[in-house]
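> Just a sequence and a predicted model for now, questions to come.
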Amino acid sequence: MTLKTIEWKDNSVIMIDQTKLPNSLEYVTYTDYHDVAIAIRNLVVRGAPAIGVSGAFGLALAALQSSSETVDGLLSDLEMAKETLFETRPTAINLSWGLEEMYDYAIDCAQQGATISEIKEDLIIHAKQMAEDDVNINKKMGKNGAELFQNNDTIMTHCNAGALATVAYGTAL
C-alpha cells in the first residue's frame, strides 16, 4: 500500500500534516475549502504536485459547499473559491494549474448542459483523476529516468522530489 500525502475520501480531503513531521505522522481531514486554503498557506501540504491536487480537491469541496440553485451561481461560487485558494500561494504554478483545470472543467460541463448535481459529481471525479494521474506520471518519470543511471550512481535532486511532495510517489523515485 502506498502512503498518500493527500486523498479524497467520503467527500473530504485527507492529508498528512507535514508540519508535524518527522516527529509524528498525523492526518487532517477537511470538508471546507477554506480549511484547505489555510492548510496550503500554513504548509500543511508541501511540494508542487501535492499543492496542485490540494487546490483541485479544494475546488471540489467548494462545489459541494455551494448552495446555489443555478449553474451560473455555482460557477460564480467556484470562481470565488478559486481566488481564495490561489491567494494562498500565488507563485505555486501547480496550484494555479489545478485550480484552472478544475474551473475550466466546470465551465465545459456547464456548456454541455450538465445540471448542478452533475457538475458537482463530475468535479469530484475529475479531481480524483488528477490525483491518480499524478501518481502514474511520476511512476513513468521514475521508470524512464532509471534507464539513465547505473548502480551506485550518485544522484542529486533539487527542491522537494520525494513522495511527500506529490500525491503518493515522488518525482525522483
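Sure, I can see it.

> for the record, mean pLDDT for the one helix or strand Glu101 maps to?
Using DSSP states H and E, Glu101 maps to helix 93-111. In this model, helix 93-111 carries a mean pLDDT of 98.

> Could you do stretch 52-71 as well?
On average, stretch 52-71 scores 98.

> Give me the neighbour count for Met80.
Using other Cβ atoms under 10 Å, the number of residues around Met80 comes to 13. The way it works is simple: take the backbone N, C-alpha and C, and place the C-beta from them, glycine included.

> on that earlier part again, which strands and helices lie in contact with the helix holding Glu101?
Helix 93-111 sits against helix 48-65, helix 71-86, helix 116-146, with contacts defined as 3 or more Cβ pairs under 8 Å, 6 or more residues apart in numbering; DSSP states H and E.

> so how far is Asp134 from Met141?
Met141 is 11 Å from Asp134, where distance means Cβ to Cβ, to the nearest Å.

> May I see the buried residues of the helix holding Glu101?
94-99, 101-103, 105-106, 109-110 (16 or more other Cβ atoms under 10 Å).
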